[in-house]
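*Asks:* coords please:
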Amino acid sequence: VWTQSVSRLRWLLVKGGLVAAATVILAAAYALLASWWIAPLVTGNGGRLQFPAFDVTGVVPVGYAVFAVVLGVLVGAVSRKVLPAMAITLVGFGVARAAVAAFRSRFQAPSEARYPVSSETSPNRFRGDWVLSEEIYAADGTFIGNGISICTGGPPPDPSAEEALICGGYNALTYQPWDRFWPFQYLETGVFAALAVV
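*Replies:* The predicted model follows:
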């Protein structure tokens with residue numbers, strides 16, 4: 001292939017450009033279809049920031065696809081064997097996706113909401129926030145446990161009992177707000193686009 005009448009660079013740009021353009025079009029069509037299909041599920045259980053909703057909607061599927069194609073071309077050119085190149089590309093793509101997904105919750109500093117255990121109000125779970133942790137603290141800030149607690153009402157007989165500590169304490173929710181979906185999408189797509197360029 002490198003001994004044809006056109007230059008190597010021109011051949012690579014034409015072939016790679018056609019494949020990349022087809023990849024972008026197909027990935028964008030897939031993302032639009034997946035966004036339409038998953039919309040009722042996201043509305044029903046909240047949250048587009050978590051897997052799998054985040055990974056199949058928006059613009060990140062385009063970034064994933066372009067990175068995978070470029071990685072496959074690189075590995076294929078270096079290894080010159082189809083099956084090993086496919087295996088290495090698959091593993092490399094999986095490792096890159098897992099690494100970026102592990103840091104997704106840290107793209108921006110998470111928000112925190114605190115509300116008393118004895119309160120009858122709590123954050124709206126169907127707003128779509130990505131809840132990272134739920135913890136219970138005593139009034140003095142001592143960590144009691146994970147989860148959410150609600151007082152049963154009435155003072156406990158023993159003021160030193162754990163129930164007394166809980167009822168005087170608060171719940172702490174650490175979360176990524178739902179409105180960070182698009183900034184996170186653009187950031188993750190940018191990461192994979194940069195990896196593709198590299």
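*Asks:* Which helix runs longest in this protein?
*Replies:* Using DSSP state H, we find that the single longest helix of the chain is helix 8-45.
*Asks:* That helix packs against which elements?
*Replies:* Counting contacts by 3 or more CB pairs under 8 Å, 6 or more residues apart in numbering; DSSP states H and E, helix 8-45 packs against helix 53-56, helix 60-79. (Glycine included, C-beta is placed from N, CA and C.)
*Asks:* what's near enough to touch N171?
*Replies:* Contacts for N171 were tallied using CB atoms under 8 Å, 6 or more residues apart in numbering; they are R114, Y115, P116, V117, S122, E134, E135, I136, Y137, I148, S149.
*Asks:* Make a ChimeraX selection of the buried ones in the residues you listed.
*Replies:* Here is the ChimeraX selection string for the buried members of these, based on 16 or more other CB atoms under 10 Å:
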select :116,117,134,135,136,137,149
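*Asks:* The contacts of N171 into a markdown table, with extra columns for distance to V62, secondary structure and pLDDT?
*Replies:* Output for those, formatted as a markdown table (distance: CB to CB, whole Å; DSSP: H, G, I helix; E, B strand; the rest coil; pLDDT from 0 to 100):
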| residue | distance to V62 | secondary structure | pLDDT |
| --- | --- | --- | --- |
| R114 | 38 | strand | 86 |
| Y115 | 39 | strand | 82 |
| P116 | 45 | strand | 81 |
| V117 | 45 | coil | 79 |
| S122 | 37 | coil | 67 |
| E134 | 34 | strand | 87 |
| E135 | 37 | strand | 87 |
| I136 | 42 | strand | 84 |
| Y137 | 42 | strand | 85 |
| I148 | 38 | coil | 76 |
| S149 | 43 | coil | 71 |
